[in-house]
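Okay, predicted coordinates and the sequence, questions at the end:
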Amino acid sequence: MTIAVYLSCIGVGLLCSLLYFPVRKIQTEDKRAHAYIFFIILYVLTFELYAYYLVQNGQENVLVYNIFFVCGETLLILVYLKSLVDLPLVKKRIDQFMLFFVAWALVNSVFFQNPSQLFQQYTHLLGSFGIVVASFYLLYRIFLLDGFWDKPLLGVPHFWNIAAILLFYCPNFIYFGALNILWDIDKWYLNILASMNRIFAAMLYLIFGLSFYSSFIFSTNRNGR
């Protein structure tokens, strides 16, 4: 997948999320969740366009990705996942993890991986690990154990969002974890891996943009999943 197609997919996801504003339901919780997801897509598209602009002008964009992707987007997704948790103890653990993540990001930047010169895969690995663990917890606790009994599972936007997060961050965990090692392999293979990573990322933001329509598509008049 080329960078142009990737950016277009994010743009389509943003447009779909934007078009949902006039038709979304009245529930305050749904409004807040949708607005937050819309902000995440807009945030990602903004820094991706800026990173692309830097490359087109012959400048390095690794600092942009370290700040806005490795740190910023990780924290935004963790905050979203935390908002879906109903147990105070688990919320507290996620807060503690985010504080530890920020502290480690600072330590890694000062002592190990200069953020303006090298992609910080050590920080990204920690953040991805936290996101994957929280996502699996939510799939088990909310969707499989307790359930959303007033609507079918496929009609729950958060189910699609969490599934998309896992779809991106599981292979992403491996790809970015080994990125600095992969620089030594043939450029053709590296381009293939980067293209596959963009495909998973594009799917993430497309699903983010479309997820809240699932409550209409998979609506039902009877209780159960």
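Nice, I can see it. No experiment lies behind these values; they were computed from the predicted model shown.

For residue 4, grab the count of nearby residues.
9 (other Cβ atoms under 10 Å). C-beta coordinates here come from the backbone N, C-alpha and C atoms, glycine included.

element containing it, please.
Using DSSP states H and E, residue 4 sits within helix 3-20.

how far does that helix sit from the chain's center?
Distance of helix 3-20 from its chain centroid, counting by Cα atoms, centre = their mean, to the nearest Å, is 14 Å.

before we move on, what about stretch 106-120?
How far stretch 106-120 lies from its chain's middle: 22 Å, per Cα atoms, centre = their mean.

what about residue 65, distance to residue 51?
Using Cβ to Cβ, to the nearest Å, residue 65 is found at 6 Å from residue 51.

Please disregard the earlier target; I meant residue 139.
Counting by Cβ to Cβ, the separation of residue 139 from residue 51 is 31 Å.

Tell me which of the two has more neighbours.
More crowded of residue 139 and residue 51, by other Cβ under 10 Å: residue 51, with 20 against 16.

and the nearest residue to the more buried one once chain neighbours are set aside, what does it touch?
In space, and not counting its chain neighbours, residue 51 is closest to residue 61: 4.0 Å by Cβ to Cβ, 6 or more residues apart in numbering. Neighbour list for residue 61: 50-52, 54-55 [criterion: Cβ atoms under 8 Å, 6 or more residues apart in numbering].

swap in residue 170?
With contact set as Cβ under 8 Å, 6+ apart, residue 170 has these partners: residue 132.

per-residue confidence for it?
Looking at residue 170, its pLDDT is 87.

With residue 143 instead?
On pLDDT, residue 143 comes in at 62.

Give me the angle between the helix or strand harbouring residue 32 and helix 3-20.
Taking DSSP H and E as the criterion, residue 32 maps to helix 28-56. Counting by axes from the mean of the first three to the mean of the last three Cα atoms, to 10 degrees, helix 28-56 lies at 160 degrees to helix 3-20.

ok, and for helix 28-56, which residues are buried?
Using 16 or more other Cβ atoms under 10 Å as the test for burial, helix 28-56 gives 33-34, 37-38, 40-41, 44-45, 47-48, 51-52.

Report the two of these separated the most.
33 and 52 (28.8 Å; Cβ to Cβ).

before we move on, back to that, return the set of buried residues in the helix holding residue 4.
Residues 6-7, 9-14, 16-17, 20 are the ones in helix 3-20 that count as buried (16+ other Cβ under 10 Å).

right, and residue 139 touches residue 162 too?
Yes - if you go by Cβ atoms under 8 Å, residue 139 and residue 162 touch, sitting 6.0 Å apart.

From the chain's centroid, how far away is stretch 60-79?
That offset, for stretch 60-79, works out to 10 Å (Cα atoms, centre = their mean).
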